[in-house]
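Enquirer: here is my input, please return the structure:
(chains A, B and C)
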Amino acid sequence: MAFGKGHHLHLIDGSAFIFRAYHALPPLTRKSDGLPVGAVAGFCNLLWGELTAARAQAATHIAVIFDAGSKTFRNEIYDQYKANRPPLPEDLRPQFPLTRDATRAFNVACLEIDGFEADDIIATFARQAKEAGGTVTIFSSDKDLMQLIGDGVDMHDPMKNKRLGREEVLEKFGVGPERVVDVQSLAGDSVDNVPGAPGIGLKTAALLINEYGDLDTLLARAGEIKQPKRREALVDNADLIRISRDLVRLRDDVPVGVTLESFELQPPQGEAVMAFLKQMEFATLMKRVGEKLGVAAPALEAGKGYEVAGAHEVAEVTQAPIDPGSYVCVRDMATLQGFIDQARQRGWLAVDTETTSLDEMRAEIVGISLAVEPGVAAYVPLLHRTGTDDLLGQVTLVPGQMDRDAVLAALKPVLEDPSVLKIGQNMKYDAKIFARLGVQVAPIDDTMLMSYAMHAGLHNHGMDELSQTYLGHTPIPIKELIGSGKSAVTFDRVDIDKATRYAAEDADVTLRLWQMFKPKLHQAKVTTVYETLERPLVPVLAEMEMAGIEVDRQVLSRMSGAFAQKMAQLEEEIQTLAGEKFNVGSPKQLGEILFDKMSLPGGEKGKNGAYSTGADILEDLATEHELPGRVLDWRQLSKLKSTYTDALQDHINPETGRVHTSYSISGAVTGRLASTDPNLQNIPVRSEEGRRIREAFVAPKGKVLVSLDYSQIELRILAHVADIPALQQSFRDGIDIHAMTASEMFNVPLSEMTSDIRRKAKAINFGVIYGISGFGLARNLRIPRGEAQGFIDRYFERFPGIKEYMAATVKFAQERGYVQTLFGRKIHTPEINARGPGAGFAKRAAINAPIQGTAADIIRRAMIRMPQAIAGLPAKMLLQVHDELLFEVEEAAADTLISRAKEVMEGAAHPAVAIKVPLVVEAGKGANWAEAH
DNA sequence: ACGCTCACG
DNA sequence: GACGTACGTGAGCGTA
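Expert: Below is the predicted model of the structure:
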């Protein structure tokens, strides 16, 4: 029978059901294999409830509509559409196809169409139903659907369990359903990232539309608006507003390919429902559905059902042992396609690349390994070369390898497919290799970062260590393939059979680690840390590293020359003073000259019997003799030359002409990044001579460098976490915090503050962050230990909250074995209950970690939000130096960049944590880093 | 491979 | 009462 008068259609927004189910339930997994099924279970419950309700409401037709998940036509209109959506939780993705299966199992029509959102499909069916003379109820909480209300179409919000009609639309938008699109086009939508008109919200938009009738009239007569702000917002952004309208207006002409008749409400077929529920191991639901349908629920075998993720370890015992002999060497397209198909089927793929270098910007890809299941792994050799060059000195490819570009072309769709999760160990490396080959790998999971989120402080997170610790398996060492030291060869010279065993094993191990870590993230309560502070940082850092920073070789080379001259001169003077030639760079020889030959006082031998000749000791000796001062000068120049002016030149990439550092996300236990090859986080700044090295870090013509750094961020965090009202107030008032501390401690009014008193207070403030001790402060200030202890006692007397915070933090660590940042990052403190001197170290580290770690979390949050915030500006984020971000930007846009980036940085803690003191960011710009800082 | 020294936050 | 200490990093060098 044709759909028409008297018929009533229920249209269900399936995606809304899924998300609601996912967030309402704990992470449940199927007992037999650990498959995440929480969202599916919740979805089935909601659907079952809805089916019961539909009958009660005399629905005659029903359908569940899903989002197809891939890009839609709206992304072609506006590429930023929905661009700020958080990434999908990794355990939700594989449940999507199961919810479709569930819908079909309940004998309900289900539909999704590539290129369109569920909302468009719903709009299309709603129109068809209306035109046929029937009525429609839409089940969704999505306000975008409210434009469809009226004339036989109403909505039901399942979250609030309430009907939405014309009155509710008026209440929410200030206009009727027919003008909802106009209002939304003006107001924009931050959730979907619809731009709208800047500065116009829902209220103003409704006011304008009601005054002018509709959007087109309003835009045509925008010049008449009296308020200058509103007038400009509309006149200047007319195009953006029209684009916004195309984004919010639902299409009701989607080629759906099915008719309304096919949605006729059918009773569920007991057998099909039961088969599905049994497969999912949903015992309770089987019983409930069975009773209603009058079918016996089949019993589940022992050990089946579902449970909260990680409740039991099933992974290891059920897995096949790791056997490198079983891996496949891929030499033809059909075999490769087989792995790709398996990846699509499962929704995940473990990937690893083998290359000629650890430097991602110079490395050439040699092969790719893949794994889809524990034990099911393959290696695709691409560019292995013969061990010896031929007679002409030419390298020759080993025969039997597939063409690199053909393999990449085959892999690109799956590597870029948003519905297939790519799993790797240190994915930033592989993502950069692929990016250089034109493949943007996403979405990703990273076992190194999962381990870091769970185990920071317990051990490092390299693959060999993780495999040993968590799989009890020692992977083939890379040394066995490429050798070590001077005789090491690059991976392209490795025999393909050996490479297959090694490389595929890495992918296999990575996949197994991922399966083991996944449920444990929830258990360790670090899912949010992983999802918001680790995983999203990978693409951000990859971008920064690939951008690199321009370094002027000339500047460095000139400085190197000058340093060399000055050093030679100093060396001669030193040797004359010593009365003999010796290696000034050898602490051992220097110690013997100073303390044995010249008999200067204060010679202390370290653990291996050598005299200590550190800067502080030489500074003390400088009053006794000329030589130590000269050595200090020589050392400074030597350091600057070897570590900076010489070494940095070697790091200039010949292709890009820029220096590309690599950030280690999991290198520092506190959450800080670490920079290597080269380390761009310790470029000199404290001494005048050193600071000049920053003049070599330059912006290209027409651009400038912009530096933004958090002012006193760790002290601000201390004021918050230790809850010290006096410190908090000073930060709110913008008072010099060290002067204020000094004033409180020494009873000196701010107006009479001397730089010496302030210096002491500053040292104490920093000392507190480090877990202060009388000894440490005494050494830092070069004052007697008793005096230093006196300062500390006075400080604690004045700010008792600090002492309480320190004690509470240590106690927390002793009881739980870890400390936490404000954002939930855990830093383990395994040595906290040790005896001996180690105990002191562990306590101070435990006190420092939440403060340093919270600061690290904050700048991570800022960095993750930054690409979105500066999109459209001719600007790039280049470097991070713990509390500083460095950008390169076209000169004309520098001030815009500063204001946008500053806003992101100062607001980075929100909305997760409301810090009681303002975060303040200071900005500078200039032709080089010295000027910008 | 390890420790010393020193550059940074 | 003695011990040994500021927190977090990475690079280059000399020495074993």
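Enquirer: for DNA strand B, see how far away the residue of chain A most remote from its centre is.
Expert: Distance to the chain centre peaks in chain A at A:G579, reaching 58.3 Å (criterion: C-alpha atoms, centre = their mean). Distance of A:G579 to DNA strand B, computed by C-beta to the nearest atom of the strand, to the nearest Å: 21 Å. C-betas here are computed from N, CA, C, even on glycine.
Enquirer: list the contacts for that residue?
Expert: Contacts for A:G579 (C-beta atoms under 8 Å, 6 or more residues apart in numbering) come out as A:K597.
Enquirer: so where's the stretch 301-450 of chain A shaky on pLDDT?
Expert: A:309-318, A:388-393 (pLDDT under 70).
Enquirer: for chain A, same thing?
Expert: A:70, A:84, A:86, A:159, A:309-318, A:388-393, A:606-608.
Enquirer: please repeat the previous calculation with a cut-off of 50.
Expert: Along chain A, the model assigns pLDDT under 50 to residues A:313-317.
Enquirer: beta-bridge partners for A:F697, please?
Expert: According to DSSP bridges, the residues that bridge with A:F697 are A:V551.
Enquirer: how far out from the middle of the chain is the helix or strand encompassing A:G561?
Expert: Taking DSSP states H and E as the criterion, A:G561 maps to helix A:553-578. The chain centre lies 44 Å from the centre of helix A:553-578; the measure is C-alpha atoms, centre = their mean, to the nearest Å.
Enquirer: for it, buried residues please.
Expert: A:555-556, A:559-560, A:563, A:567, A:570-571, A:574-575, A:578 (16 or more other C-beta atoms under 10 Å).
Enquirer: just the CA coordinates for stretch A:578-592, please, in PDB.
Expert: The C-alpha coordinates for stretch A:578-592 follow below in PDB (Å, rounded to 0.1, in the frame of the first residue of the first chain):
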ATOM      1  CA  ALA A 578      99.900  27.000  33.900                       C
ATOM      2  CA  GLY A 579     103.500  26.700  32.800                       C
ATOM      3  CA  GLU A 580     102.800  23.800  30.500                       C
ATOM      4  CA  LYS A 581     100.700  22.700  27.500                       C
ATOM      5  CA  PHE A 582      97.600  20.700  28.400                       C
ATOM      6  CA  ASN A 583      94.100  20.000  27.000                       C
ATOM      7  CA  VAL A 584      92.000  22.800  28.500                       C
ATOM      8  CA  GLY A 585      88.900  20.800  27.600                       C
ATOM      9  CA  SER A 586      89.900  18.000  29.800                       C
ATOM     10  CA  PRO A 587      88.500  18.400  33.300                       C
ATOM     11  CA  LYS A 588      90.900  15.700  34.500                       C
ATOM     12  CA  GLN A 589      94.000  17.500  33.300                       C
ATOM     13  CA  LEU A 590      92.700  20.800  34.400                       C
ATOM     14  CA  GLY A 591      92.000  19.500  37.900                       C
ATOM     15  CA  GLU A 592      95.500  18.200  38.200                       C
END
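Enquirer: in it, which residues are buried?
Expert: For stretch A:578-592, using 16+ other C-beta under 10 Å, the buried residues are A:578, A:582, A:584, A:587, A:589-592.
Enquirer: same check on stretch A:438-449?
Expert: A:439, A:441-449.
Enquirer: contact partners of it?
Expert: A:87-88, A:90, A:351, A:408, A:411-412, A:415-416, A:418, A:421-428, A:430-431, A:434-435, A:461-463, A:466, A:510, A:513-514, A:517, A:530, A:534-535, A:538-539, A:665-666.
Enquirer: how about stretch A:494-505?
Expert: A:322, A:324-325, A:327-329, A:352, A:354, A:366-367, A:369-371, A:377-379, A:381, A:384, A:398, A:400-401, A:475-476, A:478, A:480-482, A:491.
Enquirer: which of these fall within helices?
Expert: Among the contacts of stretch A:494-505, the ones falling in helices (DSSP state H) are A:480-482.
Enquirer: scan the residues you listed and report the most crowded one.
Expert: Neighbour tally across those (other C-beta atoms under 10 Å): the maximum, 19 neighbours, falls on A:L481.
Enquirer: surely that one and A:F491 touch.
Expert: Yes - applying C-beta atoms under 8 Å, one finds A:L481 in contact with A:F491, separated by 7.3 Å.
Enquirer: and the buried residues of helix A:553-578 as CSV, adding distance to A:S773?
Expert: Converted to CSV, the buried residues of helix A:553-578 look like this (distance: C-beta to C-beta, whole Å):
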residue, distance to A:S773
A:V555, 42
A:L556, 40
A:M559, 39
A:S560, 40
A:F563, 37
A:M567, 37
A:L570, 36
A:E571, 39
A:I574, 36
A:Q575, 40
A:A578, 37
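Enquirer: closest to DNA strand B among these?
Expert: A:F563 (11.8 Å; C-beta to the nearest atom of the strand).
Enquirer: that closest one is in contact with A:L637, isn't it?
Expert: Yes - with contacts counted by C-beta under 8 Å, A:F563 reaches A:L637, the gap being 4.8 Å.
Enquirer: ok, now which ones touch the residue of chain A found nearest DNA strand C?
Expert: Ranked by C-beta to the nearest atom of the strand, the top residue of chain A for proximity to DNA strand C is A:G767, at 2.1 Å. Contacts for A:G767 (C-beta under 8 Å, 6+ apart) come out as A:773, A:776-777, A:780, A:792.
Enquirer: which of those fall in helices?
Expert: Using DSSP H, the contacts of A:G767 in helices are A:776-777, A:780, A:792.
Enquirer: any idea how far A:F799 lies from A:A742?
Expert: 13 Å (C-beta to C-beta, to the nearest Å).
Enquirer: how about the strands in the stretch 51-200 of chain A?
Expert: A:61-65, A:109-111, A:135-139, A:153-157, A:162-164 (DSSP state E, counting those that start in this stretch).
Enquirer: let's have those strands in JSON lines, adding distance to A:Y306 and mean neighbour count.
Expert: Listed next are the strands of the stretch 51-200 of chain A as JSON lines, based on distance: least, C-beta to C-beta, whole Å; neighbours: other C-beta atoms under 10 Å:
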{"stretch": "strand A:61-65", "distance to A:Y306": "22", "mean neighbour count": "26"}
{"stretch": "strand A:109-111", "distance to A:Y306": "23", "mean neighbour count": "20"}
{"stretch": "strand A:135-139", "distance to A:Y306": "26", "mean neighbour count": "23"}
{"stretch": "strand A:153-157", "distance to A:Y306": "29", "mean neighbour count": "21"}
{"stretch": "strand A:162-164", "distance to A:Y306": "31", "mean neighbour count": "15"}
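Enquirer: can you tell me the SS state at the residue of chain A closest to DNA strand C?
Expert: helix (DSSP: H, G, I helix; E, B strand; the rest coil).
Enquirer: just checking, which helix or strand succeeds the top helix by length along chain A along the chain?
Expert: Identified as the longest helix of chain A according to DSSP H is helix A:837-869. With elements assigned by DSSP H and E, the helix or strand that comes after helix A:837-869 is strand A:875-880.
Enquirer: just checking: what are the partner strands of that next one?
Expert: In the sheet, strand A:875-880 lines up with strand A:884-890 (antiparallel) (DSSP bridges).
Enquirer: just the residues contacting whatever helix or strand comes next after the partner strand, thanks.
Expert: Counting by DSSP H and E, the next helix or strand C-terminal to strand A:884-890 is helix A:894-906. With C-beta under 8 Å, 6+ apart as the test, helix A:894-906 has contacts from A:704, A:706, A:708, A:710, A:859, A:862, A:865-866, A:869-870, A:873, A:875, A:885, A:887, A:889, A:918-921, A:923, A:925.
Enquirer: tell me the strands beside the helix or strand that helix A:894-906 is followed by, with direction?
Expert: Of the helices and strands lying after helix A:894-906 in sequence (DSSP H and E), the nearest is strand A:921-926. Applying DSSP bridges, strand A:921-926 is found paired with strand A:703-710 (antiparallel).
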